[in-house]
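Chemist: below: sequence and its predicted model.
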Amino acid sequence: MIKTSLFADQEREAKLNQLGDALQLMEQHVDFAALAAEVDLAAPRPSRERGGRPPFPTELMVRVLLIQQLFNLSDEQMEFQLLDRLSFQRFVGLRASSQIPDRTTIWTFKERLIQAGASESVFNAVNRQLSRHGYIARGGQMIDASIVEAPRQSLSKEEKAIVSEGAMPADWKPAKRRQKDMDARWTKKHGKSYFGYKVSANADKRYKLVRKLKVSTASEHDTTHFEDVLDPANTNRDILADKGYVDGEREARLSKQGWRMHIQRKGSKDKPLSEAQQRRNHRIAKTRARIEHVFAGLAQMGGKTLRSIGLARARLHLNWKVAAYNLQRLVYLKEAGVKAF
């Protein structure tokens, strides 16, 4: 016989705490009010001059979007989970409320950030919190890029030619235009074709936290954004990257500026690598591989695919995804007792 209890909700929460709620751990180490304040500064809350129901507090919506990225949920799934899941309700502060942000509310909040040009606001705010905890960029920096796939488009040969020129076929109706990604591009990697975008990232060697990122179309070469993601705040001048970033002129210029370049060399059929170059590549790879752990962490959170359409939404999605990764990493560092020094 199943036992009933008037205090079932409290007993479940106590059991949840006993088992270990990752979101409650994050609550202990992250100042969400500060994150919300910086989001409001970058994208002010809409005016209520015309009346209507007041929007949900920004802090609540920041928490919702971070959960969405941590657990890789669509807007529709996020709405359902907020209604159904105790840990989510408790984390966003809706345990005793019958109201929750629905899918339209979540979408509207994201659009507010995009229209204000504030897609990077939470990533930058999270990095400032990392510094306040003492986890500043140390040990050198590792740079790499990863393809993020978008929904593939079914286009005729004529339509592809028009889209590649940055235009839109005149016969497309508004409903069709909304479903077509005009920004995503094709690229090839290891002989396989991909459609979507690319995120270039800089992670520090000491803590494996992402310090800089750049979102672009997949067809743009990795090396194009190398200097965009350099982090002058890192306490070490070492830069590590794979052979895709080889550029003699740039390496010479950055070396003169005081950077220590550790870029893996690539050989060719006519000019294979010497044994000394192979050993050097191996030494660099042993350290540079740490950034692959970062991309693996993002992949576990669904950071290798997009549900959205367009570069603006891809930029928003990936900045929040990386911010969520950094917060998750911060909690790990704090709980593992990794000293910030």
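Modeler: Thanks, I have the structure now. Values in this document were obtained by computation on a predicted structure and should not be read as measured data.
Chemist: sheet partners, orientation included, of the top strand by length along the chain?
Modeler: With secondary structure taken from DSSP state E, the chain has its longest strand at strand 192-204. Here strand 192-204 is paired, per DSSP bridges, with strand 141-149 (antiparallel), strand 185-189 (antiparallel), strand 210-217 (antiparallel).
Chemist: quick one: low-confidence ranges for the stretch 101-250 of the chain?
Modeler: Judged by pLDDT under 70, the stretch 101-250 of the chain has its weakly predicted residues at 165.
Chemist: quick one: the helices in it?
Modeler: With DSSP state H, counting those that start in this stretch as the criterion, the stretch 101-250 of the chain has helices at 103-115, 121-132, 157-164, 174-178, 248-256.
Chemist: tell me which of those helices sits most buried.
Modeler: Stretch with highest mean neighbour count among the helices of the stretch 101-250 of the chain: helix 121-132 (a mean of 19; mean count of other CB atoms under 10 Å). Placement of C-beta: from N, CA and C, glycine included.
Chemist: which residues does that helix contact?
Modeler: Helix 121-132 has contacts (CB atoms under 8 Å, 6 or more residues apart in numbering) with 30-31, 34-35, 38-39, 41-43, 62, 65, 113, 136, 209, 211, 213, 319-320, 322-323, 326-327, 330.
Chemist: isn't K321 right next to L70, touching?
Modeler: No: assessed by CB atoms under 8 Å, K321 is found out of contact with L70, at 9.0 Å.
Chemist: re earlier: how big is the angle separating the longest strand of the chain from helix 121-132?
Modeler: 40 degrees (axes from the mean of the first three to the mean of the last three CA atoms, to 10 degrees).
Chemist: buried sites along strand 192-204?
Modeler: Within strand 192-204, the residues scored as buried using 16 or more other CB atoms under 10 Å are 194-204.
Chemist: same question for stretch 292-307.
Modeler: Neighbour count says stretch 292-307 has 294-295, 297-298, 301-304, 306 buried, by 16+ other CB under 10 Å.
Chemist: drop anything exposed from the contacts of helix 121-132.
Modeler: 30, 35, 38-39, 42-43, 62, 65, 113, 136, 209, 211, 213, 319-320, 322-323, 326-327, 330.
Chemist: among these, name the ones in strands.
Modeler: Using DSSP E, those in strands are 211, 213.
Chemist: and the helix of greatest length in the chain, which residues are buried?
Modeler: The helix spanning the most residues in the chain, taking DSSP state H as the definition, is helix 311-335. Using 16+ other CB under 10 Å as the test for burial, helix 311-335 gives 311-334.
Chemist: my guess is N202 contacts Q141. True?
Modeler: Yes: N202 is within contact range of Q141, at 5.2 Å (criterion: CB under 8 Å).
Chemist: can you list residues touching both of those two?
Modeler: Common neighbours of N202 and Q141 (CB under 8 Å, 6+ apart) are 211, 230-231.
Chemist: burial of Q89, as a residue count?
Modeler: By the criterion of other CB atoms under 10 Å, Q89 has 17 neighbours.
Chemist: before we move on, what about R237?
Modeler: By other CB under 10 Å, neighbour count at R237 equals 15.
Chemist: same check, this time on the one 4 residues further on
Modeler: Counted by other CB under 10 Å, the residues lying close to A241 total 23.
Chemist: tell me who's in contact with it.
Modeler: Taking CB under 8 Å, 6+ apart as the test, what A241 contacts is 142-144, 226, 262-264, 288.
Chemist: can you tell me which of these is nearest K180?
Modeler: D144 (30.2 Å; CB to CB).
Chemist: may I have stretch 113-125 as PDB, with CA atoms only?
Modeler: Taking C-alpha atoms only, stretch 113-125 is exported to PDB below (Å, rounded to 0.1, in the frame of the first residue of the first chain):
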ATOM      1  CA  LEU A 113      18.100  40.500 -26.300                       C
ATOM      2  CA  ILE A 114      18.700  40.000 -30.000                       C
ATOM      3  CA  GLN A 115      17.100  43.300 -31.000                       C
ATOM      4  CA  ALA A 116      19.100  45.200 -28.300                       C
ATOM      5  CA  GLY A 117      22.300  43.700 -29.600                       C
ATOM      6  CA  ALA A 118      22.800  42.100 -26.200                       C
ATOM      7  CA  SER A 119      23.500  38.500 -27.200                       C
ATOM      8  CA  GLU A 120      26.900  38.500 -25.500                       C
ATOM      9  CA  SER A 121      25.700  40.300 -22.400                       C
ATOM     10  CA  VAL A 122      25.300  37.200 -20.200                       C
ATOM     11  CA  PHE A 123      28.600  35.600 -21.400                       C
ATOM     12  CA  ASN A 124      30.500  38.800 -20.500                       C
ATOM     13  CA  ALA A 125      28.700  39.000 -17.200                       C
END
